[in-house]
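Undergrad: no letters, just coordinates:
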């Protein structure tokens, strides 16, 4: 930075004058300041810091509370004070800078790592003795039952562990599977489960797992095994029209997926359950194939079948340690002896987080126990055994008939924490808390309102049991990122029965085959970071999470707790500019900017969380429209800091060999090139979708979606060939860089004013990288891509330079009317440009050949990449689905319900697929849907999908029960613009073959590769 020409220009104006000045102690320069700053610099300045500079870094020399603000009028503007030792210690005041001074968790700013508090918490958990005395007393009796070796060890004899054991037995691994339970199998179940076996789930993945579970319970019952199964159906009530819209959306999906359901009027709701009062009811959703069962009987059925298939079950045996070697499970130490094993499955329910601490490294299973009440009445005369399972979502309650009496419960708005120290008693009696009638009172009132006759019922008991929730209120499944062959199945909430069969199947598939029949990424344990396992974070978040279980699933719904945790260094400036935030992987990122009501009562910027709270035109529509236009017509500036960022390097060419093996595109491009590539699994599906910049011959930087931060590292480590492990370095540098994107037709002119480097297309073409000086800062990694298709650049800035570079960009951009742009605006840009997003459009079952990216797959490169054989086979046989863009006709965005993803697509009146990502196209002035189209014959079998098949059909998209005609596209469109750009107009992100963009000369360094890549949109 000291060799930066602009820095030298400023500093050397001042330096000669210093030659004859008095050499006071601690003398400071006035120029070249505000260059390197820590993320907490704004807070320090607001606290009265008087700064000195060392190696370009601004550091507080002391704090002075006097004269630290710019007067009453400029309360938000804090004066930057520069230390000058002039004999009388008078501070000089310089020009004000705009910084937001709201309180921030200073320990966590700019860090993606586990907090110090969490580390201490984990140390405590590791030190405590997690061995039940009962199990220890029986060690001699159990010694003979415990094998010394077993291929798989399952810990936990509840319904989930029993299902995993049963399915391992079905797969032929029964004789090599051991299940250990610290108490007795199924002992917890009778009083802590409602017994619902239902399909009402928030995602396709969870629905498919529940569907399999119910079918399995039926099959077990047909074999003569007691399960308590009764197909009474489920009746779901709505008190609001928004809830009815949600039901209509679900019905559209369910019917398309082959699930029976029906929208009911209030009167029809009363016919299905005569107990109900219909006051305030707008309607309902009837699911006739749902039912109830006895959780303990189902668990025993699983266990009976597992034992028949050879699984060994040992009760009163607890796990003390899980041993690993070279990053893989090696064995377990129990209270009855040691067992050597290859696989370990943590199905311990309440204790899953604690069991995670019994290994080194610790496996982080973010769960927190909360109180959960069940109300039991005495038997009620005349109560029909065919009474459906009833849920009044807006009242937050449910009830069912159970052996002649009523079993009822619900989910409070704010759950009550238990066992704040994280240590859950092993005794079932000790875990039975006294009922908290005050806390249950809201649910009781709602129950009596909905079923007035319950006032005459006789109370048997109110049980206060436990339920555990994850931070996002979803199940936790999959292989632990920390240790290979360590699997977790936990956090099933009250849905243990509905989840059990499907979870057992998919975990067994993962263990025995390495893949399963449904994409699991939304439930995968790798969706979390260490911060999510922080006990204080879990305490705050899991007060809120249970209440979400019955709330309307609005688009882009956000949690209110666990916020202001990960923030980029420019977060205070964004908040002061009116940012309204969303959270991804704990990162606060602006969703949009709103200049109204952006200050609190003290004149300071307020923290605002984005809320949509409608299925129609969202309240942020006009704000996003303004940001969108800035990006297309002037300059938008966006914070991309949450992107996952990895560095790969080696001393030799090993890093190239590794990436060639992991990636389906050819990564051996010239230095300075950027390619876009997938990381495919053996079936050809996307495990990751990323951009790679070649920084030097043996050094690459990877940019991937925010949600890939844990997942990608897990995949890379697991699939790194043994001969490369000691030679290739992979580092997660996500928290080292602030990413700022400038996009729009004037972005090149703007950046040219802040750097001496030639940015003309010939010198710095599309899809290339350079390291630049920007402002007075050096070492800025600049990528000539925007992930939206607009002209622009993404600057990866070392965090200490972030405030400086942001300020220079924003100040220089005033002449171009620069405007902040949030996630919603960049999302709208990429949807119109037909750019796919991993996690919504792309997943582990989607291949490049299905989504218009076959031209990015280099089958002939010298190293055989993962998934090559599957993709070659698919290329020969043809694809069974195809990625399309649909533009809705005759849709009024002001009054009609919007598409939010998950809408059924119909071709010539026949269901052919679902939308994935959707949004409003501000240039098209239409609803734009991305999704996949299939081809079914008359018997429902899938046939090959061709371009001709797609383009020859008449399409409709069903939105909450209403169908809208749609125009279909197979390729990224060219949007009309006042500012044509030859490079970008020739480039299409989604297509079935290389086009003219691949033939353009992006510089001599790109001539060796055809079709080198595309942006990873919406990371």
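TA: The structure has been received and is ready for your questions. Please read all numbers here as calculations on a predicted model, not as lab measurements. Numbering: from 1, shown residues only.

Undergrad: for the protein, which spans come out with low pLDDT?
TA: 68-144, 187-192, 422, 427-430, 981-989, 991-1019 (pLDDT under 70).

Undergrad: quick check, central residue of it?
TA: residue 707 (4.9 Å; C-alpha atoms, centre = their mean).

Undergrad: quick one, helices of the stretch 851-1000 of the chain?
TA: For the stretch 851-1000 of the chain, the helices defined by DSSP state H, counting those that start in this stretch cover 868-877, 947-951, 982-986, 996-999.

Undergrad: and the stretch 251-400 of the chain, by the same measure?
TA: 266-272, 295-308, 352-356.

Undergrad: the stretch 451-600 of the chain now?
TA: 496-512, 535-548, 571-576.

Undergrad: for the last one, name the packing helices and strands.
TA: This means helix 571-576. helix 41-46, helix 802-812 (3 or more C-beta pairs under 8 Å, 6 or more residues apart in numbering; DSSP states H and E). The way it works is simple: take the backbone N, C-alpha and C, and place the C-beta from them, glycine included.

Undergrad: using CSV, lay out those helices together with distance to residue 570.
TA: Shown next, in CSV, are the helices and strands packed on helix 571-576 (distance: least, C-beta to C-beta, whole Å):
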stretch, distance to residue 570
helix 41-46, 10
helix 802-812, 5
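
Undergrad: spell out the secondary structure type for the residue nearest to the centre of the chain.
TA: Counting by DSSP: H, G, I helix; E, B strand; the rest coil, the backbone at residue 707 sits in helix.

Undergrad: next, count neighbours for the residue lying closest to it once chain neighbours are set aside.
TA: Excluding the flanking residues, the one nearest residue 707 by C-beta to C-beta, 6 or more residues apart in numbering is residue 839, at 5.5 Å. Residues near residue 839, counting by other C-beta atoms under 10 Å, number 21.

Undergrad: please parse this protein into its domains.
TA: Domain assignment for the chain, taken from automatic domain parsing, gives 5-98, 116-190+296-366+473-536, 234-288, 639-824, 828-1005.

Undergrad: could you dump those domains into TSV with distance to residue 404 added?
TA: Converted to TSV, the domains of the chain look like this (distance: least, C-beta to C-beta, whole Å):
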stretch	distance to residue 404
domain 5-98	62
domain 116-190+296-366+473-536	16
domain 234-288	14
domain 639-824	48
domain 828-1005	38
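
Undergrad: these: which one's closest to residue 605?
TA: Residue 605 lies closest to domain 5-98 among the domains of the chain, at 7.2 Å (C-beta to C-beta).

Undergrad: does residue 841 touch residue 915 like I think?
TA: No - assessed by C-beta atoms under 8 Å, residue 841 is found out of contact with residue 915, at 9.6 Å.

Undergrad: find residues that contact each of the two.
TA: residue 930 (C-beta atoms under 8 Å, 6 or more residues apart in numbering).

Undergrad: which of the helices and strands packed on helix 571-576 sits closest to residue 537?
TA: Across these, closest to residue 537 is helix 41-46 (C-beta to C-beta), at 21.1 Å.

Undergrad: can you pull the contacts of residue 879?
TA: 847, 849, 850, 944, 945.

Undergrad: in space, what's closest to it - neighbours in sequence excluded?
TA: residue 850 (4.9 Å).

Undergrad: the one you found in helix, strand or coil?
TA: Going by three-state DSSP: residue 850 is coil.

Undergrad: from residue 884, how far out is it?
TA: 11 Å (C-beta to C-beta, to the nearest Å).

Undergrad: need the helices of the stretch 451-600 of the chain in TSV with mean neighbour count, can you?
TA: Shown next, in TSV, are the helices of the stretch 451-600 of the chain (neighbours: other C-beta atoms under 10 Å):
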stretch	mean neighbour count
helix 496-512	26
helix 535-548	20
helix 571-576	25
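
Undergrad: can you redo the ones you listed as TSV with distance to residue 56?
TA: TSV is the format used below for those (distance: least, C-beta to C-beta, whole Å):
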stretch	distance to residue 56
helix 496-512	50
helix 535-548	35
helix 571-576	20
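
Undergrad: so which of the ones you listed gets nearest residue 866?
TA: Closest among the helices of the stretch 451-600 of the chain, using C-beta to C-beta: helix 496-512, at 16.6 Å.

Undergrad: which helices and strands does the closest one pack with?
TA: So helix 496-512, by 3+ C-beta pairs under 8 Å, 6+ apart, packs with helix 159-168, strand 196-197, helix 204-222, helix 295-308, strand 343-346, strand 476-479, strand 486-490.

Undergrad: so it versus helix 204-222, what angle?
TA: Put simply, helix 496-512 runs at 100 degrees to helix 204-222, going by axes from the mean of the first three to the mean of the last three C-alpha atoms, to 10 degrees.

Undergrad: disregarding residues adjacent in the polypeptide, which is nearest to residue 164?
TA: Counting by C-beta to C-beta, 6+ apart, residue 504 is the residue found nearest to residue 164 once chain neighbours are left out, at 4.7 Å.

Undergrad: the one you found against residue 302, yeah?
TA: Yes - between residue 504 and residue 302 there is a contact at 7.5 Å, judged by C-beta under 8 Å.

Undergrad: still on that earlier bit, which one among the contacts of residue 879 gets closest to residue 681?
TA: residue 847 (9.6 Å).

Undergrad: show me the contacts for the closest one.
TA: Residue 847 neighbours (C-beta under 8 Å, 6+ apart): 680, 683, 684, 685, 686, 867, 870, 871, 874, 879.

Undergrad: please repeat the previous calculation with a cut-off of 7 Å.
TA: 684, 685, 871, 874 (C-beta atoms under 7 Å, 6 or more residues apart in numbering).

Undergrad: so who does the first one touch?
TA: It stands for residue 684. Per C-beta under 7 Å, 6+ apart, neighbours of residue 684: 847, 867, 870, 871, 874.

Undergrad: would JSON lines of these with distance to residue 426 be doable?
TA: Supplementary listing: the contacts of residue 684 in JSON lines, determined by distance: C-beta to C-beta, whole Å:
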{"residue": "847", "distance to residue 426": "47"}
{"residue": "867", "distance to residue 426": "45"}
{"residue": "870", "distance to residue 426": "47"}
{"residue": "871", "distance to residue 426": "50"}
{"residue": "874", "distance to residue 426": "51"}
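
Undergrad: which one of those residues is nearest residue 459?
TA: Closest to residue 459, out of all of these and judged by C-beta to C-beta, is residue 847, at 57.4 Å.

Undergrad: the closest one in helix, strand or coil?
TA: Residue 847 ends up coil, using three-state DSSP.

Undergrad: quick check: it vs residue 481, distance?
TA: 25 Å.

Undergrad: what do you get for residue 942?
TA: On the measure of C-beta to C-beta, residue 942 and residue 481 end up 34 Å apart.

Undergrad: more neighbours, the two?
TA: Per other C-beta under 10 Å, whichever of residue 942 and residue 481 has more neighbours is residue 481, with 23 against 11.

Undergrad: the more buried one contacts residue 712, doesn't it?
TA: No - with contact defined as C-beta atoms under 7 Å, residue 481 and residue 712 do not form a contacting pair (10.1 Å).

Undergrad: the residue nearest to residue 946 when sequence neighbours are not counted: neighbouring residues, count only.
TA: Spatial nearest neighbour of residue 946, chain neighbours left out: residue 878 (7.2 Å); criterion: C-beta to C-beta, 6+ apart. Residue 878: 12 surrounding residues under other C-beta under 10 Å.

Undergrad: nearest to residue 400, of the domains of the chain?
TA: Going by C-beta to C-beta, the one of the domains of the chain nearest residue 400 is domain 234-288, 9.0 Å.

Undergrad: now do the closest one: distance to the chain's middle.
TA: 30 Å (C-alpha atoms, centre = their mean, to the nearest Å).

Undergrad: list the contacts of residue 746.
TA: 634, 635, 816.

Undergrad: of the residues you listed, closest to residue 804?
TA: residue 635 (18.8 Å).

Undergrad: can you list the strands that the helix or strand residue 730 falls within pairs with?
TA: Assigned by DSSP states H and E, residue 730 falls within strand 728-732. Using DSSP bridges, the strands paired with strand 728-732 are strand 644-650 (antiparallel).
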